[in-house]
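**Q** okay, predicted coordinates and the sequence, questions at the end:
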Amino acid sequence: MNTKTILVVDDEPLSVRILCHHLRKEYTVIVASDGSQALQLAVGDTPPDLILLDVLMPGMDGYEVCARLKAEPQTASIPVIFITGLSEGADEQRGLDLGAVDFVVKPFSAARVRTRVRNHLELKSHRDHLEALVKERTAELLHKQHLLENLNCELEQQHLELEKHRDHLEALVKARTGELLLKQQQLEELNGELEERVTVEVRKNREKDTLLVYQEKLASIGQLAAGVAHEINNPMSFVTSNLRTLLSYSAIEQQYRSALEEAATAHCPAEVCAGLTRIKGDLDLPFIMDDTAALITESLDGAERVRKIVLNLKDFARIDGDGIVPTDLNDCVQSAVSIVRNEINSVAELELSLADIPSVLCNPQQINQVIANILVNAVNAMTTCGKIGVSSEYLTDYVQLTFSDTGRGIPADIIGRIFDPFFTTRDVGKGTGLGLSISYDIVKKHGGEITVSSEVGVGTVFVVRLPVSGPVETEKTPE
Ligand SMILES: Nc1ncnc2c1ncn2[C@@H]1O[C@H](COP(=O)(O)OP(=O)(O)O)[C@@H](O)[C@H]1O
Ligand SMILES: [Mg+2]
């Protein structure tokens, strides 16, 4: 059984016949007598599996036919065996160069041609098979490559997505870290602030405690002073009253003595009268009699001063009347001045200029305290003998007290701190630094204000303004 087709191309009918004769037993043989017919048959319905090609033919020779066959993809793979009378090596070489698989020289032996044809057909079939295999493998490989490429593509896609995720996560981590760092910083700042606040609060509380103790002390000193004043008041009343009686007694005695002297002059002998006059002179009686009245008057003066001091002391301490009451601030000034009068007198001349002012709703004991604190500070500020002035005046709704001194003044760098608790420029143990802080507190509680202006080397002015209507409702009942 043989399905292979051999195309015999030769212009010599004899050669064709011989070849056909030998090959027909095994193959289908088709014949072309010239080049162009050969080319037509090669691309015809039954394309040949092998071509036996004569070289020398009229028209198109075998070489050209071979060249055209090899140039055409459809026919390029058909093995071509040249069968020719040309026997030069160059001819053979040319044919092989053109792509022929073999070169058989005429006259040929039938067996050789058959063998060559069989071999080349086998070779072709092997080659076709191999090519098919290669094609198949190539297709498979291409398919696999395609799959791999797809896989690669997918992997790359996944890798890209992973990278995207990673970038996203990294950005998230970065953002969170930033947030956390910020929060940590904020917390640290808050912590610092809180610590600072606690420190400030602790300090304030300590200061408040000390202030309270100080105020308590002041109150008890006030109570003590009021108690002492009360105790002195009684004996002083009867001392004054007795002195007055004594003064009237001395006048009566004087009257009686004058009457006696008149009687003696009228009725007694001259020598008795002279004796009496001598005794009177020796005893310095006229002076004693005059001086007695003067002594009693002076003592009464003294007693009156003691009475006033006691009164002022009582006024100043006001043990019997603290709380908010209508008060004449001029009285407060007088009362405080009387308390520090001695200190003032030793360093300054006091000038009071008290105007007609309405009464102010206030706690007089506390206002006395404020005035006394300011006056004592003025005394302490004196370097040489100077002046301390206190004046009062009424401004709409307010009474204003102005305290001026010609002391050393307050340097600008500390003037902002003088109302701070415990701020003092006085020596250790002398100043508490609480006078102005307490005064500030008191004036503020009364709804008023206290201000200061000062020039170093010239003096200082403190101004206290208190509303006539007193502190606002909630503050009208201080503890
Ligand atoms: N009239 C004034 N002249 C100069 N300095 C004054 C005067 N009043 C107050 N000061 C200053 O204010 C400081 C605080 O006064 P104060 O609170 O009364 O405390 P202290 O009198 O115990 O020092 C004083 O130490 C002083 O330096
Ligand atoms: Mg003071």
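**A** Okay, I see it. Ligands and ions are numbered 1, 2, ... in the order given.

**Q** what about the closest residue in space to residue 355 that isn't next to it in sequence, is that helix, strand or coil?
**A** Of all residues not flanking residue 355 in the chain, residue 393 sits nearest, at 4.9 Å (CB to CB, 6 or more residues apart in numbering). From N, CA and C alone the C-beta is placed, and that goes for glycine too. Following DSSP: H, G, I helix; E, B strand; the rest coil, we place residue 393 in the strand state.

**Q** so in this structure, where's the weakest helix or strand by average pLDDT?
**A** helix 285-317 (a mean of 82; mean pLDDT, DSSP states H and E).

**Q** so which bits of the helix or strand that that one is followed by are buried?
**A** Downstream of helix 285-317, the next assigned helix or strand under DSSP states H and E is strand 325-327. Neighbour-count burial for strand 325-327 flags residue 327 (criterion: 16 or more other CB atoms under 10 Å).

**Q** the helix or strand following strand 325-327 and ligand 2, any residue contact?
**A** Per DSSP H and E, the first helix or strand lying C-terminal to strand 325-327 is helix 329-347. No - using CB under 5 Å from the ion, helix 329-347 stays clear of ligand 2, coming no nearer than 11.3 Å.

**Q** give me the residues contacting helix 329-347.
**A** For helix 329-347, contacts defined as CB atoms under 8 Å, 6 or more residues apart in numbering pick out 308-309, 312-313, 315-316, 350, 352, 354, 357, 359-360, 362, 364, 367-368, 371-372, 375-376, 379, 382, 385-386, 388, 390, 392, 399, 401, 466.

**Q** mind listing what the residue nearest to residue 355 touches?
**A** Here residue 393 is in contact with 355, 357, 399-400, 402 (CB under 8 Å, 6+ apart).

**Q** again, only using 7 Å
**A** Listed by CB atoms under 7 Å, 6 or more residues apart in numbering, the contact partners of residue 393 are 355, 357, 400.

**Q** so the residue of the chain found nearest ligand 2 versus residue 383, what's the distance?
**A** In the chain, no residue comes nearer to ligand 2 than residue 435, which is 3.0 Å away by CB to the ion. Distance of residue 435 to residue 383, computed by CB to CB, to the nearest Å: 19 Å.

**Q** and the residue nearest to residue 355, what are its bridge partners?
**A** Counting by DSSP bridges, residue 393 is bridged to residue 400.

**Q** and the gap between it and residue 337?
**A** Distance from residue 393 to residue 337, counting by CB to CB: 17 Å.

**Q** likewise residue 208?
**A** Applying CB to CB, the value for residue 208 to residue 337 is 31 Å.

**Q** more neighbours, these two?
**A** Higher neighbour count among residue 208 and residue 337: residue 337, with 18 against 11, using other CB atoms under 10 Å.

**Q** give me the pLDDT for the more buried one.
**A** Residue 337 carries a pLDDT score of 92 in this model.

**Q** just the one 3 residues further on next, same as before
**A** For residue 340, the pLDDT comes out at 89.

**Q** any idea how many residues pack against it?
**A** Using other CB under 10 Å, residue 340 is surrounded by 20 other residues.

**Q** find the nearest non-adjacent residue to it, please.
**A** Spatial nearest neighbour of residue 340, chain neighbours left out: residue 375 (5.0 Å); criterion: CB to CB, 6+ apart.

**Q** can you point out the helix or strand that includes that neighbour?
**A** Secondary structure (DSSP H and E) places residue 375 in helix 364-381.

**Q** cool, and residue 115?
**A** helix 110-267.

**Q** and the helices in the stretch 351-479 of the chain, which stretches?
**A** For the stretch 351-479 of the chain, the helices defined by DSSP state H, counting those that start in this stretch occupy 364-381, 412-415, 435-445.

**Q** buried deepest among these, which one?
**A** Of the helices of the stretch 351-479 of the chain, the one with the most neighbours on average (mean count of other CB atoms under 10 Å) is helix 364-381, at a mean of 23.

**Q** so which residues make contact with that one?
**A** Contacts of helix 364-381 (CB under 7 Å, 6+ apart): 218, 222, 316-318, 322, 325, 327, 329, 332-333, 335-337, 339-340, 343-344, 347-348, 388, 403, 405, 407-408, 426, 435-436, 438-439, 442-443, 460, 462, 464.

**Q** can you list the domain ranges for the protein.
**A** 5-108, 321-479 (automatic domain parsing).

**Q** for ligand 1, what is the nearest residue in the stretch 201-350 of the chain?
**A** residue 214 (10.6 Å; CB to the nearest ligand atom).

**Q** who's in contact with the closest residue to that residue other than its chain neighbours?
**A** Closest residue to residue 214 apart from its sequence neighbours, by CB to CB, 6+ apart: residue 434 at 5.3 Å. By CB under 7 Å, 6+ apart, residue 434 lies in contact with 211, 214, 421-422.

**Q** residues of the stretch 351-479 of the chain that sit close to ligand 2?
**A** Residues of the stretch 351-479 of the chain lying near ligand 2 by CB under 5 Å from the ion: 377, 435.

**Q** what residues does the stretch 351-479 of the chain put near ligand 1?
**A** Proximity of the stretch 351-479 of the chain to ligand 1 is confined to 373, 377-378, 381, 405, 407-408, 410, 418, 423-426, 431-437, 460 under the rule CB under 6 Å from any ligand atom.

**Q** let's see 8 Å
**A** Residues of the stretch 351-479 of the chain found near ligand 1 (CB under 8 Å from any ligand atom) are 373-374, 376-378, 380-381, 403, 405, 407-410, 414, 418-419, 423-426, 430-439, 452, 454, 459-460, 462.

**Q** and for residue 145, the neighbour number?
**A** Residue 145 has 12 nearby residues by other CB under 10 Å.

**Q** lovely, talk soon.
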